[in-house]
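Student: The sequence and its predicted three-dimensional model are supplied below.
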Amino acid sequence: MAFMVAEVYATHYRGGTFYYKRLGKAKIRVFWRLSFQLINYYPEYYCNEVGDNLIAENLLALTCIDCGTNTTILTPLKLKCTSISQEMGWSLLDGQVDYMADRKEFTMAFKTIDTCTDSSWIKLENYGAGKCWSLLTKVDTSIKNDSPQVQAGLPVYRVRHGCKRLIDLNPTDGDGDPTKCRWANDDECPEGRDSNDVNRVCGRATSLTKLYQEECKIEFITGEDDLQGWYGASVMIEDFPDKTYRKAKSTVPFQFLLDVTAPGSCVGPKIDLEECSVIAPGETWDSEVTASIQKGSDASIITEIQGSYPSGMTMSYVKGSEPRKKVVKAKLSFTPETEGTYVFSFTATDENGVQNDPKSGRLIVSADGLPFEQQVSPPVILPEQSTPVVNSEYEGTDAFWKIKFDSPVTRPKTKALIKIQDMQGDVVAKYNALDNDVVRFPDSDPTIVQYPAPSGLEGGKGYVVFVESGFGERVWTTPCGRSAKAVSDTAMYNFKIPKPPEPEVECGDSYIKVRIPKTYVNNIPASELHLHDTRCKIEDNDPMYYQIEFGYDECGTIIKRSSKSKTKFFNTIRDDPKPIFTGAPVTRAKHKIEMQIICEMRGVGVNDVFFKPVAAVNPEKYKATGEFKTYLKMYEDSSYNKDITGTASVELKETLYFSAKSTSSKDVAIESCRAMAKFGTCTENDKKYTFIENGCGVDSSVSLTPSGLDHRFSIKSFGFLQYGLTNEVFVKCKMVSCKPGASSSRCADLKRGNCSRRRRSIGNFEEESDTFMTFRM
């Protein structure tokens, strides 16, 4: 007689997860979501409809495996039906319980009390039949932390052989901590059935399965050697203080099944749903999920929509769009009372049992109610807190002006300008927000934008700051993870530059004192300013004013008697422009500052006492008359048709035209020319400038040309660096006159212009004379 013994396993377990919320030291609220086979044989897990309340088997218990007392947290577990799939044959069941442990750190375990044959995995192609299962959750109540959770995980994912499936676990964390996922390790694996059972359900489903830890996504790929059937997988989800930490704050499990079916089209039903919404607590959220047959599918109808969603959310098919159609729609409705993020996931099957990748969505419940992007207003410019302040007289000396916004802004991605305009609309200055080197968006204060203070604004005039739309952007990420921005509107506000204070001159009994507002001279450094005597420098001892004090007979002061009872004292405050060449006394650049200081004093000549020594010799006078044999004329242009009489006023660098002539029909040539300030400073700074010497131009701008008996030259005008009352230039030229037509004469030699070989000749000319004229800058 032979006996056959068969071991029977209760293979109704389909996976699940546990997570917790900290209520205090050693006290937590435990939540679970479990899945079991939907079959009447197991009434403890059979849901007739969503919302049914069930009680699990007594064979299963939730325990604290390292507690000394109160080790049993709950048995049997109370369950509430959340979701049902007739097509896939599973039910999702939720529950919760509060628990006080006898320690702050401990591990929870949910598993069978006795042998795991009472409740085991279905036969798995990757592990075998009758495999035990357990769900371990690591708890640490010594820190304020709520564990991560997986709300959108489905218990079973179906994939055809040769196809792949991408599963997004989409974990959430109540504290907003970053989360990561990993495969369960040996310490987290369930017990074996016996000592011979070493192939425990732990980790990945197949060797080709990939887990993307940061994103918590799983890519399931079936290889050529993988069989059709069921595959089990066990994932651990952890939260961390930040992304750099390696030690997790808590660890929770998620276990699920993969169902590999016969080969065929990899194209399953397409899922469309609202991926993110924001509502207020107590507000009802209504939405739809749609499943449709895609191009490339070998099916024609949808048989069912499957979903994992929060407890309390309902799904019902829309009338007229029920299963067994090409397009199936279901209505979703949820009225959450508690703030937080609620995640859901849906997929669908066609008549061939084929699924596609599940699609997830999230519902953010916030006390603010409205979607975040609707609450955020564009940044607004605050002219009353900007520089310059609206409708003010700006008297500051800031190197940078600022625009103040009511909220943080960032640099825009497109061109936007600030314009400074006068009251006629003419643009005085403009700044582009895209110019990183000019416009600043400081990190120290993101509510302001800085730009260089414009130069050249005139005192006593009004101006407008015009800021184009979009100069400041407010960029943020919405709770739904989308990037959004709001841009500033156009803004315009007025300000005025006050009339600058005038320089002050004090004519004392024995001194002249001058005070000059720094803004009046555009804040030129004091070291660059001086009087006639360049040794007399301006002093900088005041934050707002430059000043200098000097005697009436000091610093090159010029004295002129204007009447018997009045005397005028002249000096000038000026800077030094760049000379024509280093050491030259003349320049072709304008002075930036030219301020003539005049003190008119009464009483000089009336109260002063004069005497004549007896030993003085009476002067004798001798007088004679004469006539210049040559003369110099200045002309308007190179045609030499119209000469200029008197002292001409010219611009710097203007070309001047001169001609040397004789009064007696002689041949005339220019030997040399030099210039000096007509009115000197009576200091060592009074110097002469020779620009023609030995008949050749010393100044690079000189051009000498003969014209019959005359000798012409042109030169670009210049001015003296140092001069007295006015900037008049006195020109004096030495000329020679010769018999006309003498080719060997000194005149002919000078007019030939062979400057490189010429030496000074002392003969062959009849007469040598000086002549002069003036021009004014």
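Tutor: Ah, there it is.

Student: Helix or strand next in line after the helix or strand in which Arg158 is found, which one?
Tutor: With elements taken from DSSP states H and E, the one containing Arg158 is strand 156-160. Next along the chain after strand 156-160, taking DSSP H and E as the criterion, comes strand 164-168.

Student: Pick out the residue nearest the middle of the protein.
Tutor: Arg411 (4.4 Å; C-alpha atoms, centre = their mean).

Student: and Ser265, what does it touch?
Tutor: Counting by C-beta atoms under 8 Å, 6 or more residues apart in numbering, Ser265 touches 160, 296-299, 354. Just so you know, the C-beta spots here come from the backbone N, C-alpha and C atoms, and that holds for glycine as well.

Student: at 10 Å what do you get?
Tutor: For Ser265, the contacting residues are 160, 163, 294, 296-299, 350, 352, 354, by C-beta atoms under 10 Å, 6 or more residues apart in numbering.

Student: Just the ones in strands from the residues you listed, please.
Tutor: Under the assignment DSSP state E, the contacts of Ser265 contribute 160, 350 to strands.

Student: Just the buried ones out of the contacts of Ser265, please.
Tutor: For these, a burial check counting by 16 or more other C-beta atoms under 10 Å picks out 160, 163, 297, 299, 350, 352, 354.

Student: For Asp398, state which of these is nearest.
Tutor: Of all those, Asp398 sits closest to Cys163, with 67.5 Å by C-beta to C-beta.

Student: thinking again about what came up before, give the other helices and strands that the strand holding Arg158 contacts.
Tutor: Where contact means 3 or more C-beta pairs under 10 Å, 6 or more residues apart in numbering; DSSP states H and E, strand 156-160 is packed against strand 164-168, strand 217-221, strand 229-239, strand 250-261, strand 302-308, strand 340-350.

Student: circling back to that earlier point, just the closest of the contacts of Ser265 to Pro454, please.
Tutor: Of all these, Pro454 sits closest to Gln294, with 62.0 Å by C-beta to C-beta.

Student: Apart from its neighbours in sequence, what residue is nearest the closest one?
Tutor: For Gln294, ignoring the flanking residues on the chain, the nearest one in space by C-beta to C-beta, 6 or more residues apart in numbering is Lys270 at 4.7 Å.

Student: what do you get for Leu124?
Tutor: Closest to Leu124 by C-beta to C-beta, 6+ apart is Gly232, at 4.7 Å.

Student: ok, Leu725 touching Gly556?
Tutor: No: applying C-beta atoms under 10 Å, one finds Leu725 not in contact with Gly556, separated by 11.2 Å.

Student: Common neighbours of these two, please.
Tutor: Listed contacts common to Leu725 and Gly556 are 532, 570-572, 680-681; contacts here mean C-beta under 10 Å, 6+ apart.

Student: Spatially, which two of these are the most separated?
Tutor: Comparing all pairs in the shared contacts of Leu725 and Gly556 by C-beta to C-beta, the longest separation belongs to Asn571 and Gly680, at 12.9 Å.

Student: residues bridging contact with the two, i.e. touching both?
Tutor: 532, 556, 558, 724-725.

Student: related to what we said a few turns ago, who's more crowded, Leu725 and Gly556?
Tutor: Gly556 (25 against 19; other C-beta atoms under 10 Å).
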